[in-house]
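Enquirer: Sharing a model prediction with you, sequence too.
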Amino acid sequence: MAHSFAQGNHSHTQRKVRNGGDRDRARRALSQNFLVDPRAVRRMAGAIGSHGLLLEPGAGQGALTLALAESCARVVAYEIDPLYAGRLAARTRDDDRIEVVRGDFLTARVPREPFAVAGNIPYSITSRIVDWCLRAPALTSATLLTQLEYARKRSGDFGRWSKLTVLTWPGHSWELAGHVGRESFRPVPAVDSAILRIVSRPVPLLAGGRDAAWREFVEYGFTGLGGSLHASLRMRYAARRVDAAFAQARVNRDTVVAFVHPDRWLTLFELLH
């Protein structure tokens, strides 16, 4: 009997190891690092604010979901992992404010009514989620926990701005709304995070019908031809016009492209078109 018991226990241990390994592989594949620090949850919820409809990508264990339901009329929580989606659905089945969707947020139907997006999103698909948000006409804001490096790059916190930030600046503002240390997550990731706020402007900074010209202007400016934005634009526009525009916009001619503030890009665009 002792031998039989030992075999059974070993088999059970093997199953636990195998199941644990499967769960760990799934966690890595889905880039799961759960927000567990109550102070960080409160900080995130405070940055998000109140909304009528809010979509949450990557709800995970639901720590943020429950906090969001306190200030939002309706929270639709997306979770692609069936284990956590099932647990969260069971946990919130009696809460009319929360709807749990077992599926990929990136395939979600874009609401026609005004809505916000907020969540502790997987690092591996940050760019895809941001792109989804930027394409949604009725989006009012997106408040996302991202890698600190990503948030700093997009928000101009390094003193320079990415092409995506400049391209979308007429319709969206970008802000780094706070840091969240890696110790606030389980498992602990290798890098710190930040709260990135993307807010849709009620009135775009450019008049309608000029989106294509703006995109072409920014794309060309970021080619790096000539080593600076001034030198690049002089290859496309009359030199005197470019010189006068830079003087009026108060942009130094030697300023590297990424160090030109998006507002200055808009001024230059208006002066050259």
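Expert: Okay, I see it.
Enquirer: so how far is Glu149 from Leu176?
Expert: Leu176 sits 11 Å away from Glu149, going by Cβ to Cβ, to the nearest Å. For the C-beta atoms, the positions are set from N, CA and C on the backbone; glycine is no exception.
Enquirer: Of those two, which one has the most company?
Expert: Neighbour comparison, Leu176 and Glu149: the larger count goes to Leu176, with 18 against 14 (by other Cβ atoms under 10 Å).
Enquirer: Let me see the ranges of the strands in the protein.
Expert: For the chain, the strands defined by DSSP state E cover 34-35, 51-57, 72-79, 98-102, 115-120, 139-147, 172-180, 185-186, 193-200.
Enquirer: Can you say which of those strands is packed in most?
Expert: Sort those by mean neighbour count, taking mean count of other Cβ atoms under 10 Å, and strand 115-120 sits at the top with a mean of 26.
Enquirer: now the residue nearest to Ile198 when sequence neighbours are not counted: how far from Arg182?
Expert: Leaving aside its sequence neighbours, Ile198 sits nearest to Ala142 (Cβ to Cβ, 6 or more residues apart in numbering; 4.4 Å). Remark: distance between Ala142 and Arg182 (Cβ to Cβ) = 22 Å.
Enquirer: Redo the strands of the chain as TSV? Include distance to Arg264 and mean pLDDT.
Expert: Below are the strands of the chain laid out as TSV (distance: least, Cβ to Cβ, whole Å; pLDDT from 0 to 100):
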stretch	distance to Arg264	mean pLDDT
strand 34-35	36	94
strand 51-57	32	98
strand 72-79	36	98
strand 98-102	42	98
strand 115-120	29	98
strand 139-147	24	98
strand 172-180	15	97
strand 185-186	37	94
strand 193-200	20	98
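Enquirer: For this structure, which residues score under the pLDDT cut-off?
Expert: For the chain, applying pLDDT under 70 flags the ranges 1-31.
Enquirer: Show me where it has its helices.
Expert: Along the chain, counting by DSSP state H, helices occupy 2-29, 38-48, 63-69, 82-91, 126-135, 148-155, 163-168, 211-221, 229-234, 239-249, 262-272.
Enquirer: ok and the fifth one relative to helix 148-155, angle-wise?
Expert: In this case it means helix 126-135. Relative orientation of helix 126-135 versus helix 148-155 (axes from the mean of the first three to the mean of the last three Cα atoms, to 10 degrees): 30 degrees.
Enquirer: Pull out the buried positions in helix 126-135.
Expert: Residues 126, 129-130, 132-134 are the ones in helix 126-135 that count as buried (16 or more other Cβ atoms under 10 Å).
Enquirer: Repeat that for the fourth one.
Expert: Buried residues in helix 82-91, counting neighbours by 16+ other Cβ under 10 Å, are found at 84-85, 87-89.
Enquirer: rewinding a little: please work out which of the helices of the chain is packed deepest.
Expert: Mean neighbour counts for the helices of the chain (mean count of other Cβ under 10 Å) peak at helix 63-69, with a mean of 23.
Enquirer: My guess is Trp214 contacts Phe269. True?
Expert: Yes: assessed by Cβ atoms under 8 Å, Trp214 is found in contact with Phe269 at 6.3 Å.
Enquirer: Quickly list what's touching both of these two.
Expert: Both Trp214 and Phe269 are contacted by Leu206, under the criterion Cβ atoms under 8 Å, 6 or more residues apart in numbering.
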